[in-house]
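Q: Provided below for reference: sequence and predicted model.
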Amino acid sequence: MNSELQGRAAHLAEIRERAEADMLRMGIDAAFIDKLVETFYARIQEHPRLGPVFEAKLSGRWPEHLEKMKRFWSSVAFKNGAYGGKPVQAHAGVEGLKPELFPEWLMLFAVTLSEITPSKEAGDWFMATAERIARSMSLSLFYNPALDDPAKKPA
């Protein structure tokens, strides 16, 4: 049992080291993650449709949310386990959150990346990752398999 745990720990350490090396090669470090989160969420707050949804949920708690998002993106990029939350549960039932807001969220993210990312490779990696996250979140929150039933679709 002990050797199995040591094997897992070594495997996880290898994954983290590889992720850190990949990010470093692309010019990504903790300072970039901080800037990405701060710049992106400043834009979210100013956005006419996204801003009110976020503000209703986070009013008075923006600093905590930004720190949580920094841990989230650090965990995603560096595979370091910095984030241990449950994003789907955190977004379930958020008043005003609708599937059509996800493309707007992605557009703001893309604009932010285009302005601050140190390399095209890094921008592509973060954008592809954000698209996967948005698709997964949207499906988890809004997908209804019954709507795919051909028998239930209008003719």
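A: Done, it's in.
Q: thought His65 was touching Glu55?
A: No. Using Cβ atoms under 8 Å, His65 makes no contact with Glu55, being 10.8 Å away. All C-beta atoms are positioned from the backbone trio N, CA, C, and that covers glycine.
Q: what's the distance between Met107 and Gln45?
A: Distance, Met107 to Gln45, by Cβ to Cβ, to the nearest Å: 16 Å.
Q: would you mark the buried spots in the helix ranked longest in the chain?
A: Scanning the chain for the helix with the most residues, using DSSP state H, yields helix 2-26. Of all the residues in helix 2-26, those buried under the rule 16 or more other Cβ atoms under 10 Å are 19-20, 22-23, 26.
Q: okay, Phe54: pLDDT?
A: In this model, Phe54 is scored at 95, pLDDT.
Q: got it, and Pro48?
A: 97.
Q: so which strand or helix has it?
A: Using DSSP states H and E, Pro48 sits in no helix or strand.
Q: count of neighbours near it?
A: 7 (other Cβ atoms under 10 Å).
Q: backbone dihedrals for it, please?
A: With angles defined as degrees, to the nearest 10, Pro48 sits at phi -70, psi -30.
Q: which non-adjacent residue is nearest Lys79?
A: Nearest non-adjacent residue to Lys79, counting by Cβ to Cβ, 6 or more residues apart in numbering: Ala19, 4.0 Å away.
Q: how close does that neighbour sit to Lys70?
A: 16 Å.
Q: now the helices for the chain?
A: Going by DSSP H, the chain shows helices at 2-26, 30-46, 50-58, 62-78, 87-91, 101-116, 120-142.
Q: thank you, goodbye.
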